[in-house]
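Novice: Fold the following for me, if possible:
(2 chains)
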There are 2 protein chains.
Amino acid sequence: MTTAVAIGIDIGGTRLRTAAVAADGTVLDRRRRETPASDEASLLEAIEDEVDAIGGVLPVGIGIAGLVAPDGVVRYGPNIGVRDLALAARLGDRLSRPVTVVNDASAAAFGEQRAGAGQGRRDVLLFTLGTGVGGGVVLGGELLVGAGGFAGELGHVIVERDGRACPCGNRGCVEAYASGKAIGRLATERLAASDRPSGLRELTSVGGSAVSRAAAEGDPLAQELLLEAGEWLGVAMASCVNALDPELILVGGGAAKGVAPFALPAMRDTLAQLVIGHHFRVAPPVQLAALGDDAGTVGAALYAVDRTTTGEGPP
Amino acid sequence: MTTAVAIGIDIGGTRLRTAAVAADGTVLDRRRRETPASDEASLLEAIEDEVDAIGGVLPVGIGIAGLVAPDGVVRYGPNIGVRDLALAARLGDRLSRPVTVVNDASAAAFGEQRAGAGQGRRDVLLFTLGTGVGGGVVLGGELLVGAGGFAGELGHVIVERDGRACPCGNRGCVEAYASGKAIGRLATERLAASDRPSGLRELTSVGGSAVSRAAAEGDPLAQELLLEAGEWLGVAMASCVNALDPELILVGGGAAKGVAPFALPAMRDTLAQLVIGHHFRVAPPVQLAALGDDAGTVGAALYAVDRTTTGEGPP
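Specialist: Numbers count the residues shown, from 1 in each chain, chains lettered A, B, ... in the order given. Have a look, this model is predicted:
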């Protein structure tokens, strides 16, 4: 019989997902609710409720959309409305068990490497596509959290110095070219700049998912925008491959499937072209992630188990 | 008494350096000769001579300027004139002992992390500045060689899509903006484009070291060029920090000291500005490497010891 080894919790700007996860990454129980708005007490209470609903005394692993220090303090979670929240320590006290906290996209990367599309590969990068662009880095089978806990921010690999403005405050990050928000903004600019016919003109506001839908319906402008986003992602991937030479690059997140038909071939082509020594090697494959919405909970749970059993203790 | 634990050999386009290295990285014996030109047999013979001159039966670690597969095959070493040379296997046979081969800049990074400016830090990046821009990545105290052996090519982190042509065949790599060759070329372009006075005008041909010398003598155009090279390096460093969050970034290689007075502050400023979440964290320090010409031999030797004693065997 498959039994749960940990509870994984994935806290995004809108959804809070909870899962009881087996050692092989199988999800045995799955819960979902809205993330409470901008209030630490409500957030802690919501997490406690979800853990209680699963029951037992399993270790808890949390993946949260924000910058997480190695000691489990959420330094900054803009979409959740927390700042310098000692999440691991405070929840550990409340739940009387080890609580591990990492960035949500890092958790997803670990989930995919252990139990998803990256199974059997030791060096895996994940780019997550959604409202923003996130990422995670697994090297030698271990999740890279970085010296300050800030590793894996692959959306902020710079593809063009002094390029387009990024929500992070800088310019030229790949997120500024390939996030859902960026694709929507580029679509609006492109429509304004020409008379080209496009189904997107009928919409009052254009976001990334509208572009994906239009592309699937055959809209040439929408298809072009997704291809361009894929090219920019390919540039960022090439920088990462030249620095890290991973075995595999995965593309996940809520927007991945929508953009894939047009963006994925562009990512692969651009990467193949820009990787160092492309006459003497093959660029790593770029593939869709496999776990969908479960990646974060599965990864957070398995990471918690790793940290709890290696004697390193929860961070 | 300090005794040697391995022989380290650093093979560059022009110099072949050999050292007997102690466990703490101390160099006990040091030899230098020209790299034999474009001939596998001469290269193997030269290495064998150098190893014999050191004497003993110590394991041998080699750092070589080229793309090195994990099995010790030098896939491509353009400046040495080798291609698909099974260096580890062939030397292992000739020398009857374990021979480990890695990229030269990766070896230097490992040397600096173990026994140089990175001592006591687990996550260290090295950018090497010379004719080209190289690099090495040490994470968790271990040298990252990558799935295909091609990790650490930090000179080919892309700072501007479709930017300046790089000797690697691509465009926009940081090497195309910050190598000695690139700085020389930019100087020539800048001189041709204006009437600005500069001591560089008196030279028949301008290379990176001439620019460094002129900058040290107070030439404003030369100083400006080094500052700009530093800014481009800062962009590449920011991408690496956003992906990996290391503790420390080192700058080494033959050109490092010459460019440092003007380029190092520019690297730090640009990095501090482009690192994700700069309101919530401090960017890692950027410092000069410490081992100079010994970095490669020391790193190659210590890496050979690690590989030989961990049971993983020479690659």
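Novice: Just the element for the residue nearest to A:L126 when sequence neighbours are not counted, please.
Specialist: Nearest residue to A:L126, sequence neighbours excluded (CB to CB, 6 or more residues apart in numbering or on different chains): A:A109, at 3.8 Å. In short, each C-beta sits where N, CA and C put it, glycine included. When secondary structure is defined using DSSP states H and E, the element that contains A:A109 is helix A:104-115.
Novice: and that helix, C-alpha only, in PDB?
Specialist: Provided in PDB are the C-alpha atoms of helix A:104-115 (Å, rounded to 0.1, in the frame of the first residue of the first chain):
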ATOM      1  CA  ASP A 104       7.300  27.700  -5.300                       C
ATOM      2  CA  ALA A 105       9.000  27.400  -8.700                       C
ATOM      3  CA  SER A 106      12.000  25.700  -7.100                       C
ATOM      4  CA  ALA A 107       9.600  23.300  -5.400                       C
ATOM      5  CA  ALA A 108       8.000  22.600  -8.800                       C
ATOM      6  CA  ALA A 109      11.400  22.000 -10.300                       C
ATOM      7  CA  PHE A 110      12.300  19.500  -7.600                       C
ATOM      8  CA  GLY A 111       8.900  17.800  -8.000                       C
ATOM      9  CA  GLU A 112       9.400  17.400 -11.800                       C
ATOM     10  CA  GLN A 113      12.900  16.100 -11.400                       C
ATOM     11  CA  ARG A 114      11.900  13.500  -8.800                       C
ATOM     12  CA  ALA A 115       8.600  12.400 -10.000                       C
END
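Novice: which bits of the stretch 101-250 of chain A sit near chain B?
Specialist: By CB under 8 Å from any CB of the partner chain, the part of the stretch 101-250 of chain A that sits against chain B consists of A:122-123, A:135, A:137, A:139-140, A:142, A:144-154, A:156-161, A:168-170, A:173, A:232, A:235-236, A:238-240, A:242-247.
Novice: so the top helix by length along chain A versus helix B:220-244, what angle?
Specialist: In chain A, ranked by residue count with DSSP state H as the criterion, the top helix is helix A:220-244. Here helix A:220-244 runs at 100 degrees with respect to helix B:220-244, directions being taken by axes from the mean of the first three to the mean of the last three CA atoms, to 10 degrees.
Novice: from the chain's centre, how far out does helix A:220-244 sit?
Specialist: The gap between where helix A:220-244 is centred and where its chain is centred comes out at 16 Å by CA atoms, centre = their mean, to the nearest Å.
Novice: for stretch A:238-247, same thing?
Specialist: Mean-position distance between stretch A:238-247 and its chain equals 18 Å (CA atoms, centre = their mean).
Novice: can you give me the mean pLDDT across that stretch?
Specialist: The predicted model assigns stretch A:238-247 a mean pLDDT of 98.
Novice: What of stretch A:67-76?
Specialist: The average of the pLDDT scores along stretch A:67-76 is 93.
Novice: quick one: contacts for the residue nearest the centre of chain A?
Specialist: Among the residues of chain A, the one closest to the centroid is A:A105, at 3.2 Å (CA atoms, centre = their mean). A:A105 makes contact with A:63, A:126, A:128, A:134-136, A:152, A:154, A:253, A:296 under the criterion CB atoms under 8 Å, 6 or more residues apart in numbering or on different chains.
Novice: Output those residues in a markdown table, with pLDDT appended to each entry.
Specialist: Formatted as a markdown table, the contacts of A:A105 follow (pLDDT from 0 to 100):
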| residue | pLDDT |
| --- | --- |
| A:G63 | 98 |
| A:L126 | 98 |
| A:T128 | 97 |
| A:G134 | 96 |
| A:G135 | 98 |
| A:G136 | 98 |
| A:G152 | 98 |
| A:L154 | 98 |
| A:G253 | 96 |
| A:G296 | 98 |
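Novice: okay, these in TSV with secondary structure and distance to A:G13 next?
Specialist: Formatted as TSV, the entries for the contacts of A:A105 read as follows, by DSSP: H, G, I helix; E, B strand; the rest coil; distance: CB to CB, whole Å:
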residue	secondary structure	distance to A:G13
A:G63	strand	13
A:L126	strand	19
A:T128	strand	13
A:G134	strand	12
A:G135	strand	17
A:G136	strand	17
A:G152	coil	18
A:L154	helix	18
A:G253	coil	13
A:G296	helix	13
